[in-house]
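A.B. asks: fold the following and give me the result.
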Amino acid sequence: MDYGVWVAEWMIRERMWSNYNIGAIGDDNQMKVALDIVLRPHNKLARDVVSRAFSHWRLKSAMQRKTCRAL
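C.D. replies: Numbering: from 1, shown residues only. Prediction:
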């Protein structure tokens, strides 16, 4: 098992089972952990995820440009 995945699972379980006033994990840190887990070499779909993300970004950018031109 990849240690990053283990740590993320541990963090989730600890939040449910205990009340250690550690504080909230910010959205930026959650995103960093998620990206780190998704893009690690253990994930066989990492290249597909990146490819689809770029395709989605291009589509959103094109739609935004069309909206801006219409204004």
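A.B. asks: check what pLDDT residue 51 gets.
C.D. replies: According to the prediction, residue 51 has pLDDT 92.
A.B. asks: distance check, it against residue 57.
C.D. replies: 11 Å (C-beta to C-beta, to the nearest Å). Glycine gets a C-beta too; all of them are placed from N, C-alpha and C.
A.B. asks: same check on residue 8?
C.D. replies: With distances taken as C-beta to C-beta, residue 8 is found 25 Å from residue 57.
A.B. asks: which of these two has more neighbours?
C.D. replies: Set residue 8 next to residue 57 and count neighbours by other C-beta atoms under 10 Å: residue 8 wins out with 16 against 10.
A.B. asks: host element of the more buried one?
C.D. replies: Assigned by DSSP states H and E, residue 8 belongs to helix 3-17.
A.B. asks: can I get the CA coordinates of whichever helix or strand comes after that helix in PDB?
C.D. replies: Using DSSP H and E, the helix or strand that directly follows helix 3-17 along the chain is helix 27-39. C-alpha atoms of helix 27-39 as PDB (Å, rounded to 0.1, in the frame of the first residue of the first chain):
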ATOM      1  CA  ASP A  27      -9.100  23.000   1.600                       C
ATOM      2  CA  ASP A  28      -5.700  23.700   0.200                       C
ATOM      3  CA  ASN A  29      -4.100  20.900   2.200                       C
ATOM      4  CA  GLN A  30      -6.900  18.500   1.200                       C
ATOM      5  CA  MET A  31      -6.400  19.300  -2.400                       C
ATOM      6  CA  LYS A  32      -2.600  18.800  -2.100                       C
ATOM      7  CA  VAL A  33      -3.200  15.400  -0.500                       C
ATOM      8  CA  ALA A  34      -5.800  14.400  -3.200                       C
ATOM      9  CA  LEU A  35      -3.500  15.500  -6.000                       C
ATOM     10  CA  ASP A  36      -0.500  13.700  -4.500                       C
ATOM     11  CA  ILE A  37      -2.500  10.500  -4.200                       C
ATOM     12  CA  VAL A  38      -4.000  10.700  -7.700                       C
ATOM     13  CA  LEU A  39      -0.800  11.600  -9.400                       C
END
